[in-house]
Every structure is written in structure tokens, then in C-alpha cells.
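**Q** Dropping the sequence and predicted coords here.
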Amino acid sequence: MIYEFAIAPILFTEWRDLRFFLQTFGREEGRLLSDIPRKKWMNMTRKEINASDNGQVMKKRLKAGIERLARKAIYRRNTVPEVESELWIDHALEAHSNRPLQAILTDNHDGGDESIIINDRDFTDDTRWKIPLDATVERSADRMVQTIQPMLDCSREIILIDRNFDPDKYRWRPFLLELASILSQRPFSPSINKIGFHVGDDIAENHLELLCRNHIEKNMPDNMQIMFFLWPRDELHDRYVLTDIGGVRFGIGMDIYDGQGPEEVEISRISEGTLGKWWSLCKTKTAAFSIP
């Protein structure tokens, strides 16, 4: 749903290309621009613009454009492997080996690496470039989490919203536990050891806490905490997985198929406006309880 790409600084020396990236990158578009080498990509890009054949007016325009692109789409990893080389491609390939990128976009490369897309006339036909707005998947915990895992891998904070959550029914447990397990086991940063879950108040707080401790806590990873926030049911409707880098809507909800109802769920990327609205609302709430 949301993926990280690395783009060679040399590709930002033509306004036509930069305008294309401004249109196709951002959280709504499902593409994040990786800041590789860490904290150096912008300077490398400015140097390429300065060395280009463009006039001073166009150079100024290009620099302003990459600053807009950075505000819209830049993604900064917490850590990246140290590389002695001054070549951008060496940094991108090493970062990819440490934690996979969706793709590395460059002007040319002779290494034959499968992660690389060459910036030619047909590169937008590459399946790695095409990012669907939505996907319909089997309502199983592994498939649901797998569908959003590229977004989770880049995230530093996770918020779930589903007013119907009921831990007394088995179908509500697998997705939450699978999500907690995946987050707790990933071997790279950023680490996440806390999930915020915003649910309806159909179940009284004390009883809901008891159910969560009986059915969820004993199966959770040791280093994970889930904080529960209760809302009046009528104030929640759509089901979301929100993160600091984007969000998705879970159509029917986060419960798995148990023989009744639809066998599939539609998962779709949400707009900046929807993400911002619900992120702000969730941040004003105080947790009712947490497990463990």
C-alpha cells in the first residue's frame, strides 16, 4: 500500500522528471522517497543540479522543487549501514540489502541487480513501480498483515480503529496478535513496542480489560504493549490502520473469516486529510487500559 523507493540524485536535473516525481510521490500516492545516504541525499541532489547544464533560473526552480518533494514524500530511516563509497548507488544497494526497498530508480547500472529500475521510457510499466490504491484479500491474519507490511516496515507508530472489536470472539484475536508478532520480530529499526487500539464502548471497560487479559495478553510477545482507547460507538464507523507515514482503511473490519460473512476484505489507502483528521482525534484520547 505504501512503499519506499530510492531515486538517484542525477534524475532531478530535468524539470520534466522532477515534476513527474512531485506528482507520483507522497503518502497518498503510496510512494516514499528514501533519504539515502542518510541526511546527505538533499545535498547530493543539489550538487547534481549545480553541475547540470541548466541556467541559474532553472537551477533555482529545481532546488525549490526538490525541497517541496522532500516535504511531501521524504522518508528518513533511523539507521543505515555505513558505506565508504562516494557513489550514491552503493549506498542505495547496501540500504536495500539491510532492509528491502520497493525499488532503486537510477539512470544506468551494469550490475544486473533485481532491485533496480532504469529510468527509461518504459519504467512506469514495471510492476514494482505500480502501486495499487486498494487490494481485496482473504480475511486471514497473515494475508491481512502481509498486505500492509511494506507500510508497517517504514512506520514508527501504529494506531488501529475498529469499533466492533470483541476479544471474547475468536475471530477478533488473530489479526491483532499477528500484527504484534510481526512488529516485535523485525530485525531492523525503527522498533515498535506499542500499538494503540481505538474501539467502541459496547463492552464495559472493566469487562473489556478482563477479556483482553484472558484472551490477548497471554499470547502476546513479551516486548509488546497494546493500549486500548474507548469511544462512544456512534463516534467511530470506518476501520483504519493508521501510521506516522500513511494509513489504510479495512473495509469490513479487522476480524478474520470464521465461516460467516464475506471471505475477503478490501484494504485501501486513505487520503492525507483522512489520516490527519483521525490521527489528531486519536491523539487527544486517554487510554482506558493497556496490556500487559
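**A** Sure thing, it's come through. Numbers count the residues shown, from 1 in each chain.

**Q** Please enumerate the strands of the protein.
**A** According to DSSP state E, the chain carries its strands in the segments 3-7, 31-34, 74-75, 103-106, 116-118, 134-138, 158-161, 194-200, 225-231, 240-243, 246-250, 264-269, 289-291.

**Q** Using JSON lines, lay out those together with mean pLDDT, mean neighbour count and distance to Ala92.
**A** Where C-beta positions appear, they are placed from N, C-alpha and C, glycine not excepted. Putting those into JSON lines (pLDDT from 0 to 100; neighbours: other Cβ atoms under 10 Å; distance: least, Cβ to Cβ, whole Å) gives the following:
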{"stretch": "strand 3-7", "mean pLDDT": "96", "mean neighbour count": "24", "distance to Ala92": "4"}
{"stretch": "strand 31-34", "mean pLDDT": "97", "mean neighbour count": "24", "distance to Ala92": "8"}
{"stretch": "strand 74-75", "mean pLDDT": "96", "mean neighbour count": "18", "distance to Ala92": "13"}
{"stretch": "strand 103-106", "mean pLDDT": "94", "mean neighbour count": "22", "distance to Ala92": "5"}
{"stretch": "strand 116-118", "mean pLDDT": "87", "mean neighbour count": "18", "distance to Ala92": "9"}
{"stretch": "strand 134-138", "mean pLDDT": "97", "mean neighbour count": "14", "distance to Ala92": "27"}
{"stretch": "strand 158-161", "mean pLDDT": "98", "mean neighbour count": "24", "distance to Ala92": "27"}
{"stretch": "strand 194-200", "mean pLDDT": "97", "mean neighbour count": "21", "distance to Ala92": "31"}
{"stretch": "strand 225-231", "mean pLDDT": "97", "mean neighbour count": "19", "distance to Ala92": "35"}
{"stretch": "strand 240-243", "mean pLDDT": "98", "mean neighbour count": "24", "distance to Ala92": "23"}
{"stretch": "strand 246-250", "mean pLDDT": "97", "mean neighbour count": "23", "distance to Ala92": "22"}
{"stretch": "strand 264-269", "mean pLDDT": "98", "mean neighbour count": "19", "distance to Ala92": "25"}
{"stretch": "strand 289-291", "mean pLDDT": "97", "mean neighbour count": "17", "distance to Ala92": "39"}
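
**Q** Could you save these as TSV and add columns showing distance to Thr13?
**A** Formatted as TSV, the strands of the chain follow (distance: least, Cβ to Cβ, whole Å):
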stretch	distance to Thr13
strand 3-7	12
strand 31-34	16
strand 74-75	18
strand 103-106	13
strand 116-118	16
strand 134-138	35
strand 158-161	38
strand 194-200	42
strand 225-231	47
strand 240-243	33
strand 246-250	29
strand 264-269	30
strand 289-291	50
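
**Q** Out of those, which gets nearest to Asn206?
**A** strand 289-291 (8.9 Å; Cβ to Cβ).

**Q** May I have the strands that pair with that closest one, each with its orientation?
**A** The pairing partners recorded for strand 289-291 under DSSP bridges are strand 225-231 (antiparallel).

**Q** could you give the angle of the partner strand to strand 194-200?
**A** Here strand 225-231 points in a direction 20 degrees away from that of strand 194-200 (axes from the mean of the first three to the mean of the last three Cα atoms, to 10 degrees).

**Q** contacts for strand 225-231?
**A** Residues outside strand 225-231 that contact it (Cβ atoms under 8 Å, 6 or more residues apart in numbering) are 163, 176, 180, 193-201, 205, 208-209, 212, 216, 220, 282, 285-292.

**Q** Spatially central residue in the protein, please.
**A** The centre of the chain sits closest to Met151, judged by Cα atoms, centre = their mean, with a distance of 2.3 Å.

**Q** What does the pLDDT read for that one?
**A** Residue-level confidence at Met151 comes out at 95, pLDDT.

**Q** ok, it touching Arg27?
**A** No - shown here, Met151 and Arg27 do not form a contact pair, counting by Cβ atoms under 8 Å, at 9.4 Å.

**Q** For Phe21, give me its contacts.
**A** Going by Cβ under 8 Å, 6+ apart, Phe21 touches 7, 11-12, 33, 69.

**Q** Would you mind measuring from it to Arg121?
**A** 16 Å (Cβ to Cβ, to the nearest Å).

**Q** Flag the shaky bits of this protein, pLDDT-wise.
**A** With pLDDT under 70 as the threshold, the chain has low-confidence stretches at 109-112.
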